[in-house]
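*Asks:* task: produce atomic coordinates for the following.
(one chain, ligands or ions: 1)
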Amino acid sequence: MIDIRTVPSTASTNADMLALAAAGAGEGLWLRAVEQTAGRGRQGRAWVSPPGNLYASNLVRLRPGDPNPATLAMVAAVALDEVLRAYGATPTIKWPNDLLIEGAKLTGILLERSGDAVVVGIGVNLAHSPEGLGRAVTSVAAQGLGAPDPELFLRDLAEAFARWLAVWRSGLEPVRRRWLERAHPPGTALSVRLPDQAAIDGLFDGLFDGLDADGALRLRLASGEVQVIHAGDVFLI
Ligand SMILES: O=C(O)CCCC[C@@H]1SC[C@@H]2NC(=O)N[C@@H]21
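*Replies:* Numbering: from 1, shown residues only. Model prediction:
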């Protein structure tokens, strides 16, 4: 059952949802904050969170036989893509889980796990595109579409997420197929930075070669070899 709670301000809805999960909250709970004072991004980065954009976290309780929990980011991405299209935007998905418009970042997805609880945190630039990520950013409003009401947007997103979650539970493949339909095409030039940036081989350039069956990125290197990448930052080049 979908249950949406809204608070005016908090440090991070992901942190709050992890605490709620530890206290026994059930699947389907969403927490939205009008603003966050310590929003969390991927790989330890901050997520600047002024009022006007969507900041929300959702709780999934893993069940035996569920696909790889990391692929819940794909569930979030295809649900977000569907709702954004209903609002008139035409994003492109970039691995692992960014939605972009003309190369500029529109959304962020952060998964955090504790035992059988996976918190799916979602930020969507509805009204503003906060700078400081070191990359191009955009918002729905900047696309000339008007800024959607975050609460109404979240209701649509919660419904789409629940539907795609049920699909995911029947197997990853339909989610993977929709993800690929909405992603940049095969052959797109990508640059990948692995999480351990100090590693001597931490940067790969190559061509997008789809996803493997588990949702990992396939990158075709200049040598022709395909590198399968499970975690990292990906840039369009
Ligand atoms: O770096 C990214 O791309 C992921 C950003 C995720 C931000 C969202 S906003 C709601 C939830 N609460 C957080 O603290 N982070 C996520």
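*Asks:* and Leu59, backbone torsions?
*Replies:* Taking degrees, to the nearest 10, you get phi -110, psi 130 for the backbone angles of Leu59.
*Asks:* near the ligand, anything from stretch 65-79?
*Replies:* No: Stretch 65-79 lies apart from the ligand when judged by Cβ under 6 Å from any ligand atom; the minimum separation is 9.6 Å. No exception for glycine: its C-beta is placed from N, CA and C like everyone else's.
*Asks:* got the contact list for that stretch?
*Replies:* With contact meaning Cβ atoms under 8 Å, 6 or more residues apart in numbering, stretch 65-79 is reached by 60, 62, 93, 96-97, 99, 109, 111, 113, 118, 120, 122, 157, 160-161, 163-165, 167-169, 171-172, 175-176, 178-179, 182, 214-215, 230.
*Asks:* ok, and for it, which residues are buried?
*Replies:* For stretch 65-79, the neighbour count (16 or more other Cβ atoms under 10 Å) marks Asp66, Pro67, Ala70, Thr71, Leu72, Ala73, Met74, Val75, Ala76, Ala77, Val78, Ala79 as buried.
*Asks:* next, count neighbours for the spatially closest residue to Leu62 that is not a sequence neighbour.
*Replies:* Of all residues beyond its chain neighbours, the one nearest Leu62 is Asp116 (4.5 Å), with distances taken as Cβ to Cβ, 6 or more residues apart in numbering. The burial count assigned to Asp116 is 14, neighbours taken as other Cβ atoms under 10 Å.
*Asks:* distance of Asp116 relative to Ala76?
*Replies:* Distance, Asp116 to Ala76, using Cβ to Cβ, to the nearest Å: 18 Å.
*Asks:* ok, now Tyr55?
*Replies:* Counting by Cβ to Cβ, the gap from Tyr55 to Ala76 is 14 Å.
*Asks:* cheers, nothing more for now.
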